[in-house]
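**Q** Return a 3D structure for these sequence lines:
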Amino acid sequence: MLQATTRLSHPEAIEVMHRFQQDHPEFITVDSATGPWRMVIPAGSFMVRSEEDHLSVHAEGVDAIGLSYLKLIFVDHIREYLEEDIEFVWSGDETDTKEPPFFRQITVVWSKRLTRSMQRVRFAVPDLELLQHTELHVRLLLPPKDRTPVWPWMTASGGMAWPQGDDALLARIYTLRSVDLVAGEVEIDFVLHACDAPSAGAWSMLCQPGDVAGMLGPSGHIPTASGRLLLIGDETALPAIARACEALPEDADCEILIEVNGPEDEMDLGWPVNWLHRNGAPAGTTSLLADAVRAREPSEDLYVWAGVEFGAFKDIRKHVRSVWNLPRKQHSVVAYWRSGSAGDVPEESHHKKKA
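**A** Coordinates of the predicted model:
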């Protein structure tokens with residue numbers, strides 16, 4: 001295990017640690033009003049203890065990637081809660097790391113159309129076997145055309161710094177549709193949108209073998225459940241649902257709801273799917289998925305996973321939590337995109353004060 005330590009000296013330090021734990025009870029536990037706080041994830045763990053005038057932080061990563069993830073998770077959350085870019089001084093392993101260990105410059109192998117609304121690109125990834133290849137999501141970084149790429153770097157505080165101005169990157173979160181460790185290659189599916197602004201979908205149609213991009217990650221687990229499983233999504237969630245289907249045992253109790261424009265946008269997932277058709281309505285404007293969820297009944301062993309547009313996300317999550325009363329450990333409902341917005345949907349702000 002690799003180890004690193006730092007300290008947090010701030011009047012609101014204990015308050016923000018409690019908010020951190022309350023937002024992520026599935027990962028973080030706390031013993032008392034003054035800690036200690038423990039977080040355990042596959043990448044490693046950290047312990048935060050209350051000292052006389054500060055909080056001491058001890059992180060242990062399974063490797064360099066894991067330790068970097070732990071630092072980044074801690075620093076980003078604390079800065080967001082405090083609404084300050086406070087600096088941290090780390091001691092221990094990997095303190096001089098500049099290039100993120102979870103970054104790779106990747107190269108286009110080929111690009112091809114799958115359906116009217118989906119393009120697939122295959123990338124060569126150096127040292128792919130060192131990454132957490134069983135996880136789902138990566139942040140794809142597209143450099144400006146005809147410029148030498150400038151990639152993000154780790155700061156001394158453990159956070160990330162990003163190129164600005166003419167070197168700014170187009171960054172989007174995508175699902176790894178497939179991972180070929182033998183070839184050292186991955187495939188990513190891109191939903192194609194009608195849009196005038198620069199987009200990753202447009203890039204996927206125009207890219208050529210040999211073009212380069214950046215990749216951060218991966219992270220995020222494939223949805224599984226020992227009991228009943230309900231998978232919900234639109235086109236943007238198709239790759240994640242497909243990965244989940246490939247991991248299901250033959251006797252799994254799984255129902256799948258997917259919204260697409262029409263039959264021509266359906267794909268064979270190797271598992272029965274309830275396809276919901278918009279029939280020409282713009283994506284993100286229907287209540288098809290939320291209505292389908294409301295028409296179903298929960299069970300004690302139900303696990304719900306959903307990747308949808310922001311409006312559907314709010315409706316589905318409200319129903320799952322307030323009507324079905326499913327505990328957090330039995331659902332993961334996220335917004336993959338937001339109608340009218342070109343970028344990723346940010347995680348709900350951590351730093352909003354609790355009412």
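
**Q** Using PDB, write out every CA atom in the helix ranked longest in the chain.
**A** In the chain, assigned by DSSP state H, the helix with the most residues is helix 64-82. Extracted C-alpha coordinates of helix 64-82, given in PDB (Å, rounded to 0.1, in the frame of the first residue of the first chain):
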ATOM      1  CA  ALA A  64      -0.200   5.000  -7.400                       C
ATOM      2  CA  ILE A  65      -3.500   5.300  -9.200                       C
ATOM      3  CA  GLY A  66      -5.500   4.500  -6.000                       C
ATOM      4  CA  LEU A  67      -3.600   7.000  -3.900                       C
ATOM      5  CA  SER A  68      -4.000   9.800  -6.500                       C
ATOM      6  CA  TYR A  69      -7.800   9.100  -6.600                       C
ATOM      7  CA  LEU A  70      -8.000   9.300  -2.900                       C
ATOM      8  CA  LYS A  71      -6.200  12.700  -2.800                       C
ATOM      9  CA  LEU A  72      -8.300  14.000  -5.600                       C
ATOM     10  CA  ILE A  73     -11.600  12.900  -4.000                       C
ATOM     11  CA  PHE A  74     -10.700  14.400  -0.700                       C
ATOM     12  CA  VAL A  75      -9.300  17.700  -2.000                       C
ATOM     13  CA  ASP A  76     -12.100  18.300  -4.600                       C
ATOM     14  CA  HIS A  77     -14.900  17.600  -2.100                       C
ATOM     15  CA  ILE A  78     -13.400  19.800   0.700                       C
ATOM     16  CA  ARG A  79     -12.800  22.700  -1.700                       C
ATOM     17  CA  GLU A  80     -16.400  22.500  -3.000                       C
ATOM     18  CA  TYR A  81     -17.900  22.300   0.500                       C
ATOM     19  CA  LEU A  82     -15.800  25.300   1.700                       C
END
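
**Q** and the helix or strand following that helix, what does it pack onto?
**A** Note on helix 64-82: by DSSP states H and E, the next helix or strand toward the C-terminus is strand 91-92. In terms of contacts (3 or more CB pairs under 8 Å, 6 or more residues apart in numbering; DSSP states H and E), strand 91-92 is packed against strand 2-8. To be clear about C-beta, it is placed using only N, CA and C from the backbone, and glycine gets the same treatment.

**Q** Flag the shaky bits of the chain, pLDDT-wise.
**A** 133, 194-198, 342-355 (pLDDT under 70).

**Q** Now do the helices in it.
**A** 13-23, 64-82, 200-206, 238-247, 288-294, 310-318.

**Q** Can you tell me which of those is nearest to residue 51?
**A** Closest to residue 51 of the helices of the chain, according to CB to CB: helix 13-23, at 10.2 Å.

**Q** May I see the buried residues of that closest one?
**A** 13-14, 16-21 (16 or more other CB atoms under 10 Å).

**Q** What is the nearest of these to residue 297?
**A** Distances from residue 297 to the buried residues of helix 13-23, taken by CB to CB, are shortest for residue 21, at 32.5 Å.

**Q** so what are the domain limits for this protein?
**A** 2-92, 103-219, 228-337 (automatic domain parsing).

**Q** ok, back up a step: now, which of the buried residues of helix 13-23 sits nearest residue 286?
**A** residue 19 (35.2 Å).
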